[in-house]
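Q: sequence-free structure coming up:
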């Protein structure tokens with residue numbers, strides 16, 4: 001299997017059957033979600049960044065949440081909202097000003113349910129960002145041009161999130 005999936009499956013099977021293992025949360029294994037690093041920035045600057053969680057077994061070093069089924073929610077929406085300047089400032093000021101951002105902190109982020117048009121717009125912007133980043137990784141070309149393109153899209157995302165929150 002690819003990407004170490006077979007090894008992960010074998011590890012899970014071991015944890016399920018070993019009498020000394022503490023096996024829990026198995027319904028969330030091998031599911032797509034979104035995640036962030038436990039430690040974000042420094043005490044003077046919040047650098048909270050969300051990203052897509054790879055399918056696998058989760059660890060506290062990269063906190064992971066999974067969405068419930070809802071036609072107007074998606075991981076792309078959460079990435080856009082979570083990476084927006086609005087939520088960055090909100091979480092730093094009102095949720096957790098320390099460098100450790102945990103699952104219960106993330107649960108305190110208010111998520112506005114978008115209209116189908118708002119969701120499509122946000123998802124298309126996130127798709128552009130992911131496409132640019134994947135292309136840069138595949139070609140090994142991190143350039144100022146790519147950074148400029150990403151900054152422009154990030155500004156569009158920030159504006160879309162502000163509009164979503166009616167600000």
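A: Received, thanks. None of these values were measured; they are calculated from a predicted model.
Q: rest of the way, CA atoms for contacts and neighbours
A: Noted.
Q: Against residue 13, how distant is the residue of the chain most remote from its centre?
A: Going by Cα atoms, centre = their mean, the residue of the chain most distant from its centre is residue 19, 33.8 Å out. Between residue 19 and residue 13 the distance is 12 Å, computed by Cα to Cα, to the nearest Å.
Q: Does the one helix or strand in the chain whose mean pLDDT sits lowest pack against any helices or strands, and if so which?
A: The weakest-scoring helix or strand in the chain, judged by mean pLDDT, DSSP states H and E, is strand 62-65 (a mean of 72). Other elements packing on strand 62-65 under the criterion 3 or more Cα pairs under 8 Å, 6 or more residues apart in numbering; DSSP states H and E are strand 33-37, helix 103-106.
Q: switch to 6 Å and redo it
A: strand 33-37 (3 or more Cα pairs under 6 Å, 6 or more residues apart in numbering; DSSP states H and E).
Q: Check which helices and strands whichever helix or strand comes after the strand it packs on sits against.
A: Using DSSP states H and E, the helix or strand that follows strand 33-37 in sequence is strand 50-53. When contacts are defined as 3+ Cα pairs under 6 Å, 6+ apart, strand 50-53 packs onto strand 33-37.
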